[in-house]
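[1] Sequence first, then the predicted structure, then my questions.
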Amino acid sequence: MNKSLSLLLGGFALLAPFIGAPAWAGEHEDARMLASQCAQCHGTDGRATGDIEPLDGKSRDSLYSDLIEMKYSTDRGELMHLQAKGYSDQQLCTIARYFAHTPPTDTSPCRM
């Protein structure tokens, strides 16, 4: 294969993941990985069953606010407070976006 064709095909290979995908697709995959811990109790789609609070239908701002409150709370007896402390503020923002099904925007209060 000649060098020009090789470079052209290599360029297409690098761009392939981005063609036809939303600009925030990479963040969505990162968010899915971060949210996997939450999904154990709240479900992968946020529709928990039983006594666990569902996350589906809550706004990104509401979820983020709740997570930040838990992270900085001095209450050490709650499992969620301990879970939230393990994430950075930006990771909590990403998790909130994931469960709210909201792509990142410049107007997001949790944008860092």
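    That came through, no problem. Computed from a prediction, not measured in an experiment: that's the story for all the values here.
[2] Following the chain past the biggest helix by length in the chain, name the next helix or strand.
    Longest helix in the chain by number of residues (criterion: DSSP state H): helix 25-42. Using DSSP states H and E, the next helix or strand after helix 25-42 towards the C-terminus is helix 60-72.
[3] So which other helices or strands are in contact with that following helix?
    Judged by 3 or more CB pairs under 8 Å, 6 or more residues apart in numbering; DSSP states H and E, helix 60-72 is in contact with helix 79-85, helix 89-100. For glycine as for every other residue, the C-beta is placed from the backbone atoms N, C-alpha and C.
[4] ok, and for the last one, which residues are buried?
    Neighbour counts using 16 or more other CB atoms under 10 Å place 91-100 of helix 89-100 among the buried residues.
[5] for the first one, same thing?
    With burial defined by 16+ other CB under 10 Å, the residues of helix 79-85 counted as buried are 80-81, 83-84.
[6] Now those residues in JSON lines, please, with extra columns for pLDDT.
    Shown next, in JSON lines, are the buried residues of helix 79-85 (pLDDT from 0 to 100):
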{"residue": "Met80", "pLDDT": "86"}
{"residue": "His81", "pLDDT": "86"}
{"residue": "Gln83", "pLDDT": "89"}
{"residue": "Ala84", "pLDDT": "91"}
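[7] Kindly indicate which of these lies nearest Tyr64.
    Taking CB to CB as the measure, Ala84 is the one of the buried residues of helix 79-85 closest to Tyr64, at 10.8 Å.
[8] Thank you, goodbye.
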